[in-house]
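> Requesting a structural model of the entry that follows:
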Amino acid sequence: MPTTQNPDDDLLTGATYAEADKFLSYAFRLSNELPETIGFGVEPDRAVGFIRRFMRNRGLTLERATTTGPEPVETETNRTKDSTMTTETSDIRVGRNLHEDFTTVLSDAALLSVGHDLTLNERQRAAALRYKGIGLQELARVSLEHDRSGNVPLTADALFAAAISTGTFTNVLAETTGRALAKGYQSYEGSFQQWAGERAVSNLKEHSDIQLSEFGAMELIPDGGEIPHDTLVDSKETYTAETYGKQFNLTRKTWINDDLGAFMDIPRKMGRAAARNIDAIGYALLISNAGVGPTMNEDSTALFDTGRTTPNYKTGDPDSVLSDTGLANAKTLMRKIKHGDVDIQVNPRFLLVPPELEHTALKLIESQEIMVAGTAGSNVYLPTANVHRGTLILIVEPRLSAGTNGTTAWYLIADAQDVP
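A predicted model of the protein is given here:
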């Protein structure tokens, strides 16, 4: 009588099973021992089924695993119980393969080695700490060993040539430098984006920011009367997104010196430079044209032209200097700004000053009280509470000093989200 053999028996016995067990135990962080070889030697569907059974046997939740192929048939013969081994389902990364996980582990280790503060869970940190202190050349060796690229070269030049021809080393460098660049970008405390509005664009074509005029006052409708129509006029400002960038190289000197810290400092500084570039471009536009700013498409008039119907700029007046009176005048000027002939109630939010006016600005908006000195022989009783305190956010920008009257010019700015 013929017997039916389990089609997966070749996976459950002999060296293949032992090797697969070691590989998967390492893959799911159940063991720290990385096997030297991997050899399933079976069709993909059967390998997937074997992995699913392995996960079940060790308490892993199948619904959290990304798998394809038919559900394997289980028997009491190949189902084992392991009550001593448990794994939290949060340790499984859905949608990532083992190569991607290993790349991230090495990237985490490299960033930790050069002093970056990373937010990692317990498993991720433990995996990265196995390689903490790793250098550039050791990073290449580990990557080559992971890729099973044969004998690892001994000389620095041969090691580099072999490493850059494989996927792991180049992927680790790309991920690590990208993360270092992002951290550098985020570490720069720019000021322009604190008050300037943003527009998202999907291409590098010229774009238009359309602005409609305000509705006029509502009219009284008599009983049975007709509701009148109003006409809105549109205007626009145009803008185009531009591309800025630089590149850097891993030099032979840095490689020979095995200086991971020096190499990783480059993308960090590049990230900060990218963030500074936003401030540089923005403030160059603000103080352009001898301090009156860019010409607006809406009315072909400079942003701070003194001839505007609704003035937003004052100069040459003793009461325009940064002082209690000057700040009060600026607030009044802003609240009277109109769109067309409609009052739009613009509320001041930011006080932008060059470093030369920082001390004066702090006294104005942070002091508990403002004392006004009287003339000799007179007694003038005035309120002493500082009415400016808590009404404005101070922004100090050194690039303003380079403009016309840059050390004395200052700006009162509304919140971009509140302006109609």
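> rest of the way, CA atoms for contacts and neighbours
Noted.
> care to break the protein down by domain?
Domain assignment for the chain, taken from automatic domain parsing, gives 9-77, 96-192+232-286, 306-414.
> if we compare the ones you listed, which one ends up closest to Glu226?
domain 96-192+232-286 (19.2 Å; CA to CA).
> Quick check: Asn312 vs Gly293, distance?
Asn312 sits at a distance of 12 Å from Gly293 (criterion: CA to CA, to the nearest Å).
> shared neighbours, those two?
Shared contacts of Asn312 and Gly293 (CA atoms under 8 Å, 6 or more residues apart in numbering): Phe304.
> check contacts around Gly282.
Counting by CA under 8 Å, 6+ apart, Gly282 has contacts Phe192.
> May I have the phi/psi pair for it?
phi -60, psi -50 (degrees, to the nearest 10).
> ok, now how distant is it from Asp108?
For Gly282 relative to Asp108 (CA to CA), the value is 35 Å.
> What of Thr332?
54 Å.
> hang on, Gly406 packs against Pro354?
Yes. Under the criterion of CA atoms under 8 Å, Gly406 makes contact with Pro354 at 7.1 Å.
> which neighbours do these two share?
Shared contacts of Gly406 and Pro354, counting by CA under 8 Å, 6+ apart, come down to Leu400.
> show me what contacts the nearest residue to Gly135 once chain neighbours are set aside?
Among residues not flanking Gly135 along the chain, Leu260 sits closest, at 5.4 Å (CA to CA, 6 or more residues apart in numbering). For Leu260, the contact set (CA under 8 Å, 6+ apart) comprises 110, 114, 135-136, 254.
> most neighbours, which of those?
Neighbour count (other CA atoms under 10 Å) singles out Ala110 as the most crowded of those, with 28 neighbours.
> Okay, and the closest residue to that residue other than its chain neighbours sits in which element?
Of all residues not flanking Ala110 in the chain, Ile134 sits nearest, at 6.4 Å (CA to CA, 6+ apart). Ile134 belongs to no helix or strand when assigned by DSSP states H and E.
> residues contacting Ile134?
Contacts of Ile134 (CA under 8 Å, 6+ apart): 109-110, 113.
> Which of Thr332 and Asp108 has more residues huddled nearby?
Neighbour count, other CA under 10 Å: between Thr332 and Asp108, Asp108 has more, with 27 against 13.
> State whether the more buried one is indeed within a helix.
Yes. Counting by DSSP: H, G, I helix; E, B strand; the rest coil, Asp108 is part of a helix.
> distance of the residue lying closest to it once chain neighbours are set aside from Ser113?
Among residues not flanking Asp108 along the chain, Ala128 sits closest, at 5.7 Å (CA to CA, 6+ apart). Distance of Ala128 to Ser113, computed by CA to CA: 10 Å.
> Pull out the buried residues from stretch 272-284.
Within stretch 272-284, the residues scored as buried using 16 or more other CA atoms under 10 Å are 272-276, 279, 283-284.
> in the chain, which spans are strands?
With strands called from DSSP state E, the chain shows them at 206-212, 234-240, 295-296, 301-302, 338-339, 342-343, 348-353, 393-396, 411-414.
> Out of those strands, which gets nearest to Thr170?
It's strand 234-240; of these, that one is closest to Thr170 (CA to CA) at 34.3 Å.
> What strands line up against the closest one, and which way round?
As defined by DSSP bridges, the strand partners of strand 234-240 come to strand 206-212 (antiparallel).
> would you put the C-alpha positions of the partner strand in CSV?
In CSV, the C-alpha atoms belonging to strand 206-212 read as follows (Å, rounded to 0.1, in the frame of the first residue of the first chain):
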residue,chain,number,x,y,z
GLU,A,206,4.7,79.8,-12.7
HIS,A,207,1.8,79.8,-10.3
SER,A,208,-0.8,82.5,-9.4
ASP,A,209,-2.1,83.3,-6.0
ILE,A,210,-5.6,84.7,-6.8
GLN,A,211,-7.1,87.0,-4.2
LEU,A,212,-10.7,88.3,-4.4
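> before we move on, the earlier item: would you reformat the domains of the chain as CSV and include distance to Glu226 and mean pLDDT?
Listed next are these as CSV, based on distance: least, CA to CA, whole Å; pLDDT from 0 to 100:
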stretch, distance to Glu226, mean pLDDT
domain 9-77, 64, 52
domain 96-192+232-286, 19, 86
domain 306-414, 23, 84
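> would you list those domains in JSON lines and tack on distance to Pro222?
JSON lines is the format used below for the domains of the chain (distance: least, CA to CA, whole Å):
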{"stretch": "domain 9-77", "distance to Pro222": "67"}
{"stretch": "domain 96-192+232-286", "distance to Pro222": "24"}
{"stretch": "domain 306-414", "distance to Pro222": "24"}
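> Those: which one's closest to Lys205?
When the domains of the chain are compared (using CA to CA), the closest one is domain 96-192+232-286, at 6.1 Å.
> which ones are touching the closest residue to Met270 other than its chain neighbours?
Nearest in space to Met270, with sequence neighbours left out and distances taken as CA to CA, 6+ apart, is Leu181 at 6.4 Å. Contact analysis of Leu181 by CA under 8 Å, 6+ apart lists 267-272.
> go with 7 Å
Taking CA atoms under 7 Å, 6 or more residues apart in numbering as the criterion, Leu181 is in contact with 267-268, 270-271.
> ok, so of the contacts of Leu260, who is nearest Thr391?
Among the contacts of Leu260, and counting by CA to CA, the member closest to Thr391 is Val114, at 42.2 Å.
> Report how many residues lie close to the residue nearest to Ala290 when sequence neighbours are not counted.
Using CA to CA, 6+ apart and skipping residues adjacent in sequence, the residue nearest Ala290 is Thr404, 5.3 Å away. Using other CA under 10 Å, Thr404 has 15 other residues around it.
> Also Thr240?
Around Thr240 there are 11 residues (other CA under 10 Å).
> Name the nearest residue to it, sequence neighbours excluded.
Nearest one to Thr240, counting by CA to CA, 6+ apart, is Glu206 at 4.7 Å.
> re the thing from before, let me know which of the domains of the chain is the nearest to Met218.
domain 306-414 (11.9 Å).
> what about the helices in this protein?
Ranges of helices within the chain are 9-12, 14-27, 44-57, 98-113, 122-129, 136-146, 156-163, 167-187, 192-195, 252-256, 260-286, 324-335, 358-366, based on DSSP state H.
> Nice, that's everything, thank you.
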